[in-house]
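Predicted model and sequence follow; I will ask about them next.
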Amino acid sequence: MFSSRLDWAAGPNPLSRLLHNKRSAGAEILDLTESNPTAAGFSYCSQLVLAALADPRSMRYEPAPAGIIAARAAISEYHSNRIPVDRILVTASTSEAYGFLFKLLANPGDEVLAPRPSYPLFEYLAALDSVRVVQYPLVYHGGWAIDFEALGSRITARTRAIVTVNPNNPTGSFLKKAELSQLTALCRTHDLAIISDEVFSDYGFEDDPARVRSLSEVEDVLTFSLSGLSKVSGLPQLKLGWIVVSGPESLRKQALDRLELIADTYLSVGAPVQWAAALLVGSREEIQGQILARARENLALLRNKIGADSPWQVLDVEGGWYAVIQAPRIHTEEEWVLTLLDQDNVLVQPGFFYDFEKEAFLVLSLLTPSDIFGEGVQRILGRA
């Protein structure tokens, strides 16, 4: 009776079952997986946010498939006014943006290439549009890099686009300028588009001239750069994302016309958040400063606790909200996370949630309040 696109295993995994049982028993859990900035103890200017959403212009329905001009102008300003508003299309989220792009670029059964490890969302989003995700590896040698030989070998006649996450979640690795040159050359050769997920691009920990912060000004390949309020302003509940379209003029215009048609079919983005966009994007530095300060503090604590002689290792991270640690191979990842939760009341994520190719890796959120993070790390390191 139901579509095969929804044939996903929906049952709880052992970690979620154990977490439910622990919380039901009243256990105090040190949660090192926090991904919601609004629940992480940051100070928001609530009056500004609420006042922005009360704009009286929201009372008039004026459907604009690509987005209200004021919202797109705010996004252009976010990009230092280097991107014309007519190359910007607003969406309800980056997840919706992916859905629009899969509809734009692919027919049922076509493929997109996505990095591994990375956030496990692409396969679900692609499946809803009957598109297949093929993973290409990121390799680690003291820092993360695209394995271009493997990436090239995965391109087939059905490949339509390459997804890059910049910086990656959870590795925190940015695309480098040399990698971008290789990536655009590969896409030109095979007539592929680039989808660049840049939601964490404001959260680089240190400056690096070799790093690419955004692909929004790529000229020679059709490219879609994605971001939104969820990370830019730390406001995931307000549901505003966007797509910046760049590349050769002819392809860019064709893509924008088709994207606007898709958006016109849904008209999913509400007026209040669009009219509020200028204030919400414009005031982002306050919350970003708080998030960056905590992420840097937690990362410094983690690196200080795990020295060169430790059986643990902190993998290199350049930005984002997460850190990855390599655990001693005395347990599997599943054993590590279940033991830490069961015996130490510490919740972390296993690397296999993000499709790490080998064991054993644990993923920790740098958004976690620092006192909880420090105590959690202490308990983790006490296990080996």
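Good, I have the coordinates.

alpha carbons only for contacts and neighbour counts from here, please
Fine.

list the helices and strands whichever helix in the chain runs longest packs on?
Counting residues, the longest helix found in the chain (DSSP state H) is helix 284-305. The contact analysis (3 or more CA pairs under 8 Å, 6 or more residues apart in numbering; DSSP states H and E) places helix 284-305 against helix 370-381.

List the buried residues for the helix it packs on?
Ser370, Phe373, Gly374, Gly376, Val377, Arg379, Ile380 (16 or more other CA atoms under 10 Å).

In the protein, what residue spans correspond to helices?
14-24, 46-53, 69-78, 94-105, 122-128, 148-153, 177-190, 229-232, 249-266, 271-282, 284-305, 333-344, 370-381.

Deepest-packed of those, please.
Mean neighbours per residue, mean count of other CA atoms under 10 Å, is largest over the helices of the chain for helix 229-232, with a mean of 23.

and it, how far from the chain's centre?
Helix 229-232 sits 10 Å away from the centroid of its parent chain (CA atoms, centre = their mean, to the nearest Å).

which residues sit against it?
By CA atoms under 8 Å, 6 or more residues apart in numbering, the surrounding residues in contact with helix 229-232 are 199-200, 202, 235-241, 280-281, 284, 288.

Out of those residues, which end up buried?
Buried among the contacts of helix 229-232 (16+ other CA under 10 Å): 199-200, 202, 235-236, 238-241, 280-281, 284, 288.

Among the contacts of helix 229-232, which one lies nearest to Leu101?
Using CA to CA, Gly241 comes nearest to Leu101 of these, at 13.2 Å.

mind checking how far that closest one is from Ser95?
In this structure, Gly241 and Ser95 are 9 Å apart, going by CA to CA, to the nearest Å.

Equivalent analysis for Ile306, please.
With CA to CA as the criterion, Ile306 and Ser95 are 36 Å apart.

Now do the longest strand belonging to the chain: which elements does it pack against?
Determined from DSSP state E, the single longest strand within the chain is strand 132-140. Under the contact criterion of 3+ CA pairs under 8 Å, 6+ apart, strand 132-140 touches strand 111-116, helix 122-128, strand 144-146, helix 148-153.

which stretch among these comes nearest Ala39?
Short answer: helix 122-128, nearest of the helices and strands packed on strand 132-140 by CA to CA, at 25.0 Å.

State the mean pLDDT of that closest one.
The average pLDDT for helix 122-128 rounds to 94.

If you count contacts, what does that helix end up packed against?
helix 94-105, strand 132-140.

The helices of the chain: which one's closest to Ile162?
Of all the helices of the chain, helix 177-190 comes closest under CA to CA, at 8.0 Å.

Show me what that closest one is in contact with.
So helix 177-190 is contacted by Ile146, Phe148, Gly152, Ala193, Ile194, Ala210, Arg211, Val212, Asp220, Val221 (CA under 8 Å, 6+ apart).

List buried residues within those residues.
Ile146, Phe148, Ala193, Ile194, Arg211, Val212, Val221.

Including distance to Leu125, could those residues go into JSON lines?
Converted to JSON lines, the buried ones among the contacts of helix 177-190 look like this (distance: CA to CA, whole Å):
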{"residue": "Ile146", "distance to Leu125": "23"}
{"residue": "Phe148", "distance to Leu125": "25"}
{"residue": "Ala193", "distance to Leu125": "18"}
{"residue": "Ile194", "distance to Leu125": "17"}
{"residue": "Arg211", "distance to Leu125": "28"}
{"residue": "Val212", "distance to Leu125": "26"}
{"residue": "Val221", "distance to Leu125": "23"}
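
any chance of the helices and strands packed on helix 122-128 in a markdown table, plus mean pLDDT and distance to Glu179?
What follows is the helices and strands packed on helix 122-128, written out as a markdown table (pLDDT from 0 to 100; distance: least, CA to CA, whole Å):
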| stretch | mean pLDDT | distance to Glu179 |
| --- | --- | --- |
| helix 94-105 | 98 | 23 |
| strand 132-140 | 97 | 12 |
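
Quick check: which of these is nearest to Ser250?
The nearest among those, by CA to CA, is helix 94-105 at 15.3 Å.

could you check the angle strand 111-116 makes with that closest one?
Between helix 94-105 and strand 111-116, the angle comes out at 150 degrees (axes from the mean of the first three to the mean of the last three CA atoms, to 10 degrees).

follow-up on the earlier one: make TSV from the helices and strands packed on strand 132-140 and add distance to Asp344 to it.
Below are those laid out as TSV (distance: least, CA to CA, whole Å):
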stretch	distance to Asp344
strand 111-116	30
helix 122-128	33
strand 144-146	31
helix 148-153	40
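
nearest to Leu15, of those?
Nearest to Leu15, of the helices and strands packed on strand 132-140 and by CA to CA, is helix 122-128 at 20.6 Å.

Pull that closest one out as CSV, backbone CA atoms only.
Output in CSV follows, covering the C-alpha atoms of helix 122-128 (Å, rounded to 0.1, in the frame of the first residue of the first chain):
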residue,chain,number,x,y,z
PHE,A,122,21.3,13.0,2.3
GLU,A,123,20.1,9.4,1.7
TYR,A,124,16.7,10.2,3.3
LEU,A,125,16.2,13.4,1.4
ALA,A,126,17.4,11.8,-1.9
ALA,A,127,15.1,8.7,-1.4
LEU,A,128,12.1,11.0,-1.1
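
what sits up against it?
Arg5, Leu6, Ser95, Tyr98, Gly99, Phe102, Ala114, Arg132, Val133.

how far is it from where the chain is centred?
With CA atoms, centre = their mean, you get 15 Å for helix 122-128.

Then stretch 172-184?
17 Å.

Take that stretch, keep the C-alpha atoms, and write them as CSV.
What follows is stretch 172-184, C-alpha atoms only, in CSV (Å, rounded to 0.1, in the frame of the first residue of the first chain):
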residue,chain,number,x,y,z
GLY,A,172,34.8,20.2,10.7
SER,A,173,37.0,20.2,7.6
PHE,A,174,36.9,23.0,5.0
LEU,A,175,37.3,22.6,1.3
LYS,A,176,40.7,23.9,0.1
LYS,A,177,41.3,26.1,-2.9
ALA,A,178,43.4,23.4,-4.6
GLU,A,179,40.5,20.9,-4.0
LEU,A,180,38.0,23.4,-5.5
SER,A,181,40.1,23.6,-8.7
GLN,A,182,40.1,19.8,-8.9
LEU,A,183,36.4,19.6,-8.1
THR,A,184,35.3,22.2,-10.8
